[in-house]
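Visitor: Got a sequence here, can you model it:
(2 chains)
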Amino acid sequence: MNPALVLIRGNQLVHLSPVDLVIIVFYFTLVLAIGLYLKQQANTSEDFFLAGREMTAWVAGLSFLSANLGSLELMGWAAAAYQYGILAAHWYWIGAIPAMLFLSLVMMPFYYISKTHSVPGYLKLRFGEPSRTLSSISFALMTVLMSGINMYSMALVMKVVLGWDIHVSIWISSITVAVYVALGGLRSAIFNEVLQFVLIWAGALLIPILGLVETGGFSGLKARITQNASAEYTHLWGTLGSFNNNPMGIHWTGIVFGLGAIISFGYWTTDFLVVQRVLAAKDLRSAKMAPIIGAAFKMFVPFIVILPGLLGIALLPVKLTGEGAAVASGGHSYNEVLPLMLARYCGPGLLGLGITALIAGFMSGMAGNVSAFATVWTYDIYGALINRKANDQQYVRMGRWCTILGVLISIGTAYLVMQFLSIMDYVQALFSFFIAPLFGTVLLGMLWRRATPAGGFWGLLAGTCSSIAMWAWVKLDPAALRYVALSPHARDMAENMYRALWSWIVCVLVTVLVSVVTRPKPVEELGGLVYGVTEIPSEGQVAIYQRPLFWAAIVATVFFVINIVFW
Amino acid sequence: MKAGGSISIWFFIGLSLLMNGALIFGAGLYQLVHPPEHPVVLYQLHANIWWGATLFLFGAIYCYHFAPGRRQIR
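Guide: Sure, this is the predicted structure:
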């Protein structure tokens, strides 16, 4: 489901007043001014691509979370909550928290100590050039295509919510992003992600607050949802004992092993868009604390994303439907729940702030994709394959130029998607092919010193090919769903989860089998890359509350309590 | 983290909250004097007034605390 598909129908949802427009214009002015200001701080490759590695834990942590919290996700998950109930919160809890804590405590030391500039860069150090090439080319392609899809989706949202011309939205937002990222590099992208994070909370927090006032609290909300839909919509785990007992058509094994273990770990520990933010931390302790800080805030994001969707079930006077039905009947689709709730409670000024938060989310998502693309292209393709003798200034120049190139390719993708809407589904499927096998490869690389370069490459390739094969099988023969997702009643989300699980298993098995019959790298070449041959700096004599493990334990405890409370 | 030179990220965020808070608060006051023809749900709570004031207050604190030239706390 894609919120962009909402929006093909016209019927402007809200009307902006002059004060709303001033708020939006102020935002654009501020981000451009910041980009100009930060240009003086982006003159070396370390500055441009890794923000000088001087981010504090708080800044790295908030931007780590914010890089993922784009407006497409905000609108999409509010829509999912309307459609599937509180089950959608799994993507913010079991689908994120364990993985973020694992990244912090287990993987960050290797990413940080290796001083790699990217995840493909780590693969090069650990497994050699073939693994890096496979990963970097696929990542660069996916990232810039996803950026274009996000841009098109934003333009479409602005068209239907505000009545803005699609082309104007695409070009104004793209040029703004191109300017501030090309000037200030990752520092500028990170800064705007932190700003976006604050704006999202400032703009969206009123919806759940006023919604709970209107329903008479959470118990009143549950009562209304039961009346309007079903009590199944308010249980996080209680309905997952069978594929048929819940709105999502999934079993708890899919949530725990598919989403919780594989998809979430694959995304949060290897997607360079988010990992890059943590690599920019000023020291190892900050790099470990950043994902923990991100996890703490992530746990409360459902309050501004999932809760509006649930409030929509309880309070909206019209019933929202799937996209096709909405187009046929002239009604509203699930994807419109967040703009509808925004329009319900937010008058002049507040509406402008809410819209600014959505715009900021789209733009920072695009900036994140473009800055990650620029880094991977410059280091892992240009520097590794095209010009191996490039100096630091050449890297910076290439970084600026391919930022602009990345934006132009994104614009091209946006126009392509305008013509062929189904491309969106294919690009999102493309993303899913790589993420789980990549996690398997990186995990084995960090924890098993016997993993060989040949094992790493063939495992990654086999896992990816198996994911593509399963996807194609279900596409060509929908009955195959009973084998891939273990039930003929499984829905798309369930299929994605199980496919991730199987492709991860294939990747790990092939990596192990090939590794045992091929030659490993000498131990002396694995320092800083693998558990057992890496000296991880001691934290020294610090108080317990200064240790990342302490705060990880706090976050994990709250995570368990939340899951029990909403059982 | 400093955005560059002597200006902290949090100062710029304070600036954003200050400006947005002032605009929203002002819009709320205007609506109090000139009630809208088609008010939003729960209009009587005047959310734009107290929310705008809250953002303005946070913005002012951040701008003061992280003002350029003052001692920065990372």
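
Visitor: which residues touch residue 70?
Guide: Because you didn't say which chain, this covers chain A. A:150, A:361, A:362, A:364, A:365, A:368 (Cβ atoms under 8 Å, 6 or more residues apart in numbering or on different chains). Quick note: C-beta positions are derived from backbone N, CA and C, even for glycine.

Visitor: wait, I meant chain B there
Guide: Residues near residue B:70 by Cβ under 8 Å, 6+ apart: residue B:64.

Visitor: ok so, going back, got the contacts of residue A:70 as a markdown table, with secondary structure columns?
Guide: What follows is the contacts of residue A:70, written out as a markdown table (DSSP: H, G, I helix; E, B strand; the rest coil):
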| residue | secondary structure |
| --- | --- |
| A:150 | helix |
| A:361 | helix |
| A:362 | helix |
| A:364 | helix |
| A:365 | helix |
| A:368 | helix |
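
Visitor: what's the helix or strand for residue A:167?
Guide: Element membership for residue A:167 (DSSP states H and E) is helix A:166-204.

Visitor: That helix: what's the following helix or strand?
Guide: Helix A:166-204 is succeeded, C-terminally, by helix A:206-215 (DSSP H and E).

Visitor: Rounded mean pLDDT for the following helix or strand past that next one, please.
Guide: Using DSSP H and E, the helix or strand that follows helix A:206-215 towards the C-terminus is helix A:217-228. Mean pLDDT, taken over the full extent of helix A:217-228, equals 91.

Visitor: One more: stretch B:67-74?
Guide: On average, stretch B:67-74 scores 64.

Visitor: sorry, back to before: type out the ChimeraX command that picks the buried ones from the contacts of residue A:70.
Guide: Typed into ChimeraX, the next command selects the buried ones out of those (criterion: 16 or more other Cβ atoms under 10 Å in any protein chain shown):
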select /A:150,361,362,364,365,368
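
Visitor: can you redo the contacts of residue A:70 as TSV with pLDDT and distance to residue A:197?
Guide: Output for these, formatted as TSV (pLDDT from 0 to 100; distance: Cβ to Cβ, whole Å):
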residue	pLDDT	distance to residue A:197
A:150	79	17
A:361	83	9
A:362	81	14
A:364	81	9
A:365	80	12
A:368	83	12
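
Visitor: and which of the contacts of residue A:70 is nearest chain B?
Guide: residue A:364 (13.5 Å; Cβ to the nearest Cβ).

Visitor: any idea how far the closest residue to residue A:519 other than its chain neighbours lies from residue A:441?
Guide: With sequence-adjacent residues excluded and distances taken as Cβ to Cβ, 6 or more residues apart in numbering or on different chains, residue A:519 is closest to residue A:452, at 6.2 Å. Distance, residue A:452 to residue A:441, by Cβ to Cβ, to the nearest Å: 12 Å.

Visitor: Tell me the residues that contact both of those two, please.
Guide: Residues touching both residue A:452 and residue A:441 by Cβ under 8 Å, 6+ apart: residue A:127.

Visitor: any idea of the angle the longest helix belonging to chain B forms with helix A:166-204?
Guide: Longest among the helix segments of chain B by residue count, using DSSP state H, is helix B:9-33. Helix B:9-33 and helix A:166-204 meet at an angle of 90 degrees, taking axes from the mean of the first three to the mean of the last three Cα atoms, to 10 degrees as the criterion.

Visitor: other SSEs contacting helix B:9-33?
Guide: helix A:18-38, helix A:166-204, helix A:350-375, strand B:2-4, helix B:47-65 (3 or more Cβ pairs under 8 Å, 6 or more residues apart in numbering or on different chains; DSSP states H and E).

Visitor: Please say whether there is contact between the last one and chain A.
Guide: Yes - among the residues of helix B:47-65, B:47, B:48, B:51, B:52, B:55 lie within reach of chain A under Cβ under 8 Å from any Cβ of the partner chain.

Visitor: residue contacts, the residue nearest to the second one when sequence neighbours are not counted?
Guide: This means residue B:48. In space, residue B:48 comes closest to residue B:28 once its chain neighbours are excluded; the distance is 3.4 Å by Cβ to Cβ, 6+ apart. When contacts are counted by Cβ under 8 Å, 6+ apart, residue B:28 touches A:347, A:349, B:46, B:47, B:48, B:49, B:52.

Visitor: quick check, nearest of those residues to residue A:560?
Guide: Using Cβ to Cβ, residue B:47 comes nearest to residue A:560 of those, at 34.2 Å.

Visitor: Skipping adjacent residues, who's closest to the closest one in space?
Guide: Per Cβ to Cβ, 6+ apart, closest to residue B:47 is residue A:206, 5.9 Å.

Visitor: Kindly report the same for residue A:265.
Guide: Spatially, and ignoring its direct neighbours in sequence, residue A:265 is nearest to residue A:99 (4.5 Å; Cβ to Cβ, 6+ apart).

Visitor: what about that neighbour, neighbour count?
Guide: For residue A:99, the neighbour count with other Cβ atoms under 10 Å in any protein chain shown is 26.

Visitor: what about it, which helix or strand?
Guide: helix A:97-102.

Visitor: For that helix, which outside residues touch it?
Guide: Here helix A:97-102 makes contact (Cβ under 8 Å, 6+ apart) with A:260, A:264-265, A:267-269, A:291-292, A:294-295, A:298-299, A:552, A:555-556, A:559.

Visitor: what's the closest of those residues to residue B:19?
Guide: residue A:294 (27.0 Å).

Visitor: ok so, going back, give the buried residues for the longest helix of chain B.
Guide: Using 16+ other Cβ under 10 Å as the burial criterion, the residues of helix B:9-33 that qualify are B:9-28, B:31.

Visitor: Next, the angle helix A:18-38 makes with the helix holding residue A:167.
Guide: Using the same axes, to 10 degrees: helix A:166-204 against helix A:18-38 is 100 degrees.

Visitor: Between residue A:452 and residue A:441, tell me which one has more neighbours.
Guide: Ranked by neighbour count (other Cβ under 10 Å), residue A:452 and residue A:441 place residue A:441 first, with 31 against 21.

Visitor: got a list of what the more buried one touches?
Guide: Counting by Cβ under 8 Å, 6+ apart, residue A:441 has contacts A:123, A:127, A:131, A:456, A:459, A:460, A:463, A:507, A:511.

Visitor: Same check on residue A:437?
Guide: Contacts of residue A:437 by Cβ under 8 Å, 6+ apart are A:459, A:460, A:462, A:463, A:464, A:466, A:467, A:503, A:504, A:506, A:507.

Visitor: 10 Å instead?
Guide: Each residue near residue A:437 by Cβ atoms under 10 Å, 6 or more residues apart in numbering or on different chains is listed here: A:134-135, A:262, A:266, A:270, A:459-467, A:500, A:503-508, A:510-511.

Visitor: quick one: least confident helix or strand in the chain?
Guide: Since you didn't name a chain, this refers to chain A. helix A:323-329 (a mean of 75; mean pLDDT, DSSP states H and E).

Visitor: Which SSE is immediately downstream of that one?
Guide: helix A:337-345.
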